[in-house]
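> Predicted model and sequence follow; I will ask about them next.
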Amino acid sequence: MQETGGTGGHGAATGTLVAGVDEAGRGPLAGPVVVAAVILDPKRPVPGINDSKRLTARRREALAAAIREQAAAWAIIHVEPAEIDALNIFQATLQAMQRAVACLPLPPQRVLVDGNHCPAMPCAAEALVGGDGLEPTIGAASILAKVDRDRIMVELDARWPGYGFARHKGYPTAEHMEALKRLGATAVHRRSFAPVKQALHDPGETGELPF
(Lines give C-alpha, C1' and ligand atoms only; values in the text may rest on other atoms or scores of the structure.)
Protein backbone atom coordinates (compact mmCIF):
# COMPACT_ATOMS: atom_id res chain seq x y z
CA MET A 1 0.00 0.00 0.00
CA GLN A 2 1.13 3.55 -0.65
CA GLU A 3 -0.23 6.98 0.17
CA THR A 4 1.05 10.35 -1.01
CA GLY A 5 0.26 14.03 -0.60
CA GLY A 6 1.64 17.52 -0.10
CA THR A 7 1.15 21.17 -0.90
CA GLY A 8 2.94 21.01 -4.24
CA GLY A 9 6.09 22.58 -2.88
CA HIS A 10 5.46 26.24 -3.71
CA GLY A 11 7.74 27.35 -0.89
CA ALA A 12 10.26 24.54 -1.25
CA ALA A 13 10.74 25.25 -4.96
CA THR A 14 13.07 28.16 -4.16
CA GLY A 15 15.69 25.91 -2.51
CA THR A 16 17.13 22.42 -2.60
CA LEU A 17 14.43 19.80 -2.15
CA VAL A 18 15.55 17.58 0.73
CA ALA A 19 13.59 14.46 1.60
CA GLY A 20 13.82 12.82 5.00
CA VAL A 21 13.15 9.08 5.24
CA ASP A 22 12.43 6.89 8.26
CA GLU A 23 10.64 3.68 9.17
CA ALA A 24 8.53 2.27 11.96
CA GLY A 25 8.19 -1.39 12.84
CA ARG A 26 11.39 -3.22 11.95
CA GLY A 27 11.51 -5.08 15.26
CA PRO A 28 7.95 -6.38 15.80
CA LEU A 29 6.84 -9.95 15.14
CA ALA A 30 3.60 -8.88 13.45
CA GLY A 31 2.20 -6.22 11.16
CA PRO A 32 3.85 -4.22 8.39
CA VAL A 33 6.94 -2.10 8.28
CA VAL A 34 5.87 1.45 7.46
CA VAL A 35 8.28 3.81 5.69
CA ALA A 36 7.65 7.53 5.19
CA ALA A 37 9.43 10.16 3.12
CA VAL A 38 8.83 13.88 3.66
CA ILE A 39 9.92 17.11 1.97
CA LEU A 40 9.15 20.02 4.27
CA ASP A 41 8.08 23.42 2.94
CA PRO A 42 10.18 26.21 4.54
CA LYS A 43 7.35 28.67 3.95
CA ARG A 44 4.97 26.49 5.96
CA PRO A 45 7.05 25.23 8.92
CA VAL A 46 5.74 22.68 11.41
CA PRO A 47 7.05 23.63 14.89
CA GLY A 48 7.82 20.87 17.38
CA ILE A 49 9.04 18.14 15.02
CA ASN A 50 11.32 15.66 16.79
CA ASP A 51 12.14 11.97 16.92
CA SER A 52 8.71 10.32 17.18
CA LYS A 53 9.88 8.21 20.15
CA ARG A 54 10.40 11.38 22.18
CA LEU A 55 6.82 12.57 21.69
CA THR A 56 3.58 11.57 23.33
CA ALA A 57 1.01 9.77 21.20
CA ARG A 58 -1.26 12.80 21.31
CA ARG A 59 1.55 15.12 20.17
CA ARG A 60 2.54 12.73 17.37
CA GLU A 61 -1.04 12.66 16.10
CA ALA A 62 -1.24 16.46 16.02
CA LEU A 63 2.11 16.81 14.29
CA ALA A 64 1.27 14.09 11.74
CA ALA A 65 -1.86 15.98 10.76
CA ALA A 66 0.12 19.22 10.41
CA ILE A 67 2.85 17.52 8.35
CA ARG A 68 0.29 16.06 5.95
CA GLU A 69 -1.31 19.48 5.59
CA GLN A 70 1.79 21.67 5.35
CA ALA A 71 4.67 19.59 3.92
CA ALA A 72 5.68 20.18 0.32
CA ALA A 73 5.41 16.45 -0.35
CA TRP A 74 5.09 13.19 1.57
CA ALA A 75 4.68 9.49 0.86
CA ILE A 76 3.96 6.46 3.04
CA ILE A 77 4.72 2.86 2.05
CA HIS A 78 3.53 -0.33 3.79
CA VAL A 79 5.60 -3.52 3.56
CA GLU A 80 3.39 -6.46 4.51
CA PRO A 81 4.64 -9.54 6.40
CA ALA A 82 4.70 -11.75 3.28
CA GLU A 83 7.15 -9.39 1.57
CA ILE A 84 9.25 -9.11 4.73
CA ASP A 85 9.47 -12.91 4.88
CA ALA A 86 10.37 -13.17 1.19
CA LEU A 87 13.13 -10.54 1.22
CA ASN A 88 14.24 -10.40 4.91
CA ILE A 89 13.54 -7.40 7.10
CA PHE A 90 16.69 -5.48 6.13
CA GLN A 91 16.20 -5.68 2.37
CA ALA A 92 12.44 -5.11 2.64
CA THR A 93 13.05 -1.90 4.57
CA LEU A 94 15.67 -0.60 2.15
CA GLN A 95 13.45 -1.30 -0.85
CA ALA A 96 10.53 0.44 0.87
CA MET A 97 12.71 3.51 1.41
CA GLN A 98 13.47 3.59 -2.31
CA ARG A 99 9.77 3.24 -3.13
CA ALA A 100 8.78 5.98 -0.70
CA VAL A 101 11.20 8.45 -2.31
CA ALA A 102 10.09 7.40 -5.80
CA CYS A 103 6.45 8.01 -4.85
CA LEU A 104 6.98 11.57 -3.61
CA PRO A 105 4.92 14.02 -5.70
CA LEU A 106 8.08 16.16 -5.96
CA PRO A 107 11.44 14.56 -6.87
CA PRO A 108 14.02 15.43 -4.18
CA GLN A 109 17.52 16.62 -4.94
CA ARG A 110 18.91 15.15 -1.71
CA VAL A 111 17.76 12.36 0.59
CA LEU A 112 18.53 11.96 4.30
CA VAL A 113 17.86 8.52 5.80
CA ASP A 114 17.72 7.71 9.50
CA GLY A 115 20.19 5.03 10.55
CA ASN A 116 23.53 3.75 9.28
CA HIS A 117 22.45 2.23 5.96
CA CYS A 118 21.33 4.17 2.92
CA PRO A 119 19.80 2.44 -0.12
CA ALA A 120 20.65 3.55 -3.64
CA MET A 121 18.73 6.69 -4.53
CA PRO A 122 18.27 8.66 -7.77
CA CYS A 123 20.00 11.65 -6.17
CA ALA A 124 22.56 12.45 -3.48
CA ALA A 125 21.76 10.52 -0.30
CA GLU A 126 23.17 10.19 3.20
CA ALA A 127 22.45 8.00 6.23
CA LEU A 128 22.45 9.73 9.62
CA VAL A 129 22.52 7.81 12.89
CA GLY A 130 19.97 9.46 15.17
CA GLY A 131 18.83 11.57 12.25
CA ASP A 132 15.22 11.60 13.42
CA GLY A 133 16.30 13.84 16.29
CA LEU A 134 18.76 15.92 14.26
CA GLU A 135 17.05 16.68 10.96
CA PRO A 136 13.43 17.96 10.90
CA THR A 137 12.76 16.24 7.57
CA ILE A 138 13.71 12.85 9.03
CA GLY A 139 11.81 13.63 12.24
CA ALA A 140 8.72 14.41 10.16
CA ALA A 141 9.07 11.07 8.35
CA SER A 142 9.45 9.24 11.66
CA ILE A 143 6.24 10.83 12.94
CA LEU A 144 4.21 9.92 9.85
CA ALA A 145 5.52 6.34 9.89
CA LYS A 146 4.92 5.84 13.61
CA VAL A 147 1.41 7.29 13.63
CA ASP A 148 0.37 5.31 10.57
CA ARG A 149 1.75 2.04 11.91
CA ASP A 150 0.18 2.49 15.35
CA ARG A 151 -3.19 3.01 13.65
CA ILE A 152 -2.74 -0.19 11.66
CA MET A 153 -1.90 -2.19 14.77
CA VAL A 154 -5.04 -0.95 16.53
CA GLU A 155 -7.05 -2.13 13.52
CA LEU A 156 -5.30 -5.52 13.60
CA ASP A 157 -6.08 -5.80 17.31
CA ALA A 158 -9.79 -5.63 16.45
CA ARG A 159 -9.39 -8.32 13.76
CA TRP A 160 -7.30 -10.66 15.92
CA PRO A 161 -8.29 -10.12 19.56
CA GLY A 162 -6.29 -11.79 22.27
CA TYR A 163 -2.79 -10.82 21.13
CA GLY A 164 -2.71 -7.27 22.48
CA PHE A 165 -1.60 -5.65 19.23
CA ALA A 166 -3.08 -2.28 20.23
CA ARG A 167 -0.89 -2.23 23.34
CA HIS A 168 2.46 -3.65 22.25
CA LYS A 169 2.16 -2.89 18.49
CA GLY A 170 3.48 -6.35 17.59
CA TYR A 171 6.73 -6.16 19.57
CA PRO A 172 7.86 -9.34 21.40
CA THR A 173 6.57 -8.40 24.85
CA ALA A 174 5.78 -11.03 27.48
CA GLU A 175 2.07 -10.60 26.70
CA HIS A 176 2.65 -11.14 22.98
CA MET A 177 4.89 -14.16 23.50
CA GLU A 178 2.33 -15.78 25.80
CA ALA A 179 -0.44 -15.18 23.25
CA LEU A 180 1.67 -16.69 20.48
CA LYS A 181 2.24 -19.80 22.56
CA ARG A 182 -1.43 -20.07 23.52
CA LEU A 183 -3.14 -19.07 20.25
CA GLY A 184 -0.57 -19.69 17.53
CA ALA A 185 0.41 -17.27 14.78
CA THR A 186 -1.99 -15.17 12.73
CA ALA A 187 -1.88 -14.20 9.07
CA VAL A 188 -0.20 -10.91 10.04
CA HIS A 189 2.72 -12.50 11.89
CA ARG A 190 6.15 -12.55 10.24
CA ARG A 191 6.90 -16.21 9.67
CA SER A 192 10.65 -15.65 9.14
CA PHE A 193 11.04 -14.35 12.72
CA ALA A 194 12.17 -17.06 15.16
CA PRO A 195 9.40 -16.77 17.80
CA VAL A 196 6.75 -17.00 15.06
CA LYS A 197 8.45 -20.01 13.48
CA GLN A 198 8.28 -21.73 16.84
CA ALA A 199 4.58 -20.88 17.21
CA LEU A 200 3.85 -22.33 13.77
CA HIS A 201 5.40 -25.64 14.83
CA ASP A 202 3.71 -25.55 18.23
CA PRO A 203 0.32 -23.86 17.71
CA GLY A 204 -0.86 -24.15 21.29
CA GLU A 205 -3.58 -26.12 23.00
CA THR A 206 -6.17 -25.83 20.22
CA GLY A 207 -3.86 -27.13 17.51
CA GLU A 208 -5.33 -24.56 15.11
CA LEU A 209 -3.98 -21.37 13.64
CA PRO A 210 -6.35 -18.42 13.01
CA PHE A 211 -5.39 -17.66 9.40
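Here it is on my side, so go on.

> which ones are touching the spatially closest residue to residue 120 that is not a sequence neighbour?
Nearest non-adjacent residue to residue 120, counting by CB to CB, 6 or more residues apart in numbering: residue 98, 7.0 Å away. For the C-beta atoms, the positions are set from N, CA and C on the backbone; glycine is no exception. Residues counted as contacts of residue 98 (CB atoms under 8 Å, 6 or more residues apart in numbering) are 119, 120, 121.

> How far away from the center of its chain is the helix or strand hosting residue 98?
For residue 98, the host element (DSSP states H and E) is helix 89-103. Taking CA atoms, centre = their mean, to the nearest Å, the mean C-alpha location of helix 89-103 is offset from the chain mean by 10 Å.

> What segments of this protein are helices?
Residue ranges of the helices in the chain, as given by DSSP state H, are 57-70, 81-87, 89-103, 131-134, 136-159, 165-168, 174-183, 194-201.

> Please identify the deepest-packed of these.
Between these, helix 136-159 has the highest mean count of neighbours, a mean of 23, where neighbours are mean count of other CB atoms under 10 Å.

> Residue ranges in this protein under the pLDDT threshold?
In the prediction, the chain carries residues with pLDDT under 70 at positions 9-14, 202-211.

> ok, 90 please
Counting by pLDDT under 90, the ranges of the chain that qualify are 1-16, 50-51, 53, 198-211.

> tell me the domain boundaries of it?
Following automatic domain parsing, the chain resolves into domains at 2-157, 160-201.

> Identify the residue nearest the most centrally placed residue in the chain in space, chain neighbours excluded?
Central residue check for the chain by CA atoms, centre = their mean: the C-alpha nearest the mean position is that of residue 34, 2.5 Å away. Nearest-residue entry for residue 34: residue 149, 4.1 Å, with adjacent residues in sequence omitted and distances by CB to CB, 6+ apart.

> got the contact list for the one you found?
With the criterion set at CB under 8 Å, 6+ apart, residue 149 makes contact with 24, 25, 31, 32, 33, 34, 169.

> and if we set it to 6 Å?
When contacts are counted by CB atoms under 6 Å, 6 or more residues apart in numbering, residue 149 is found next to 24, 25, 34.
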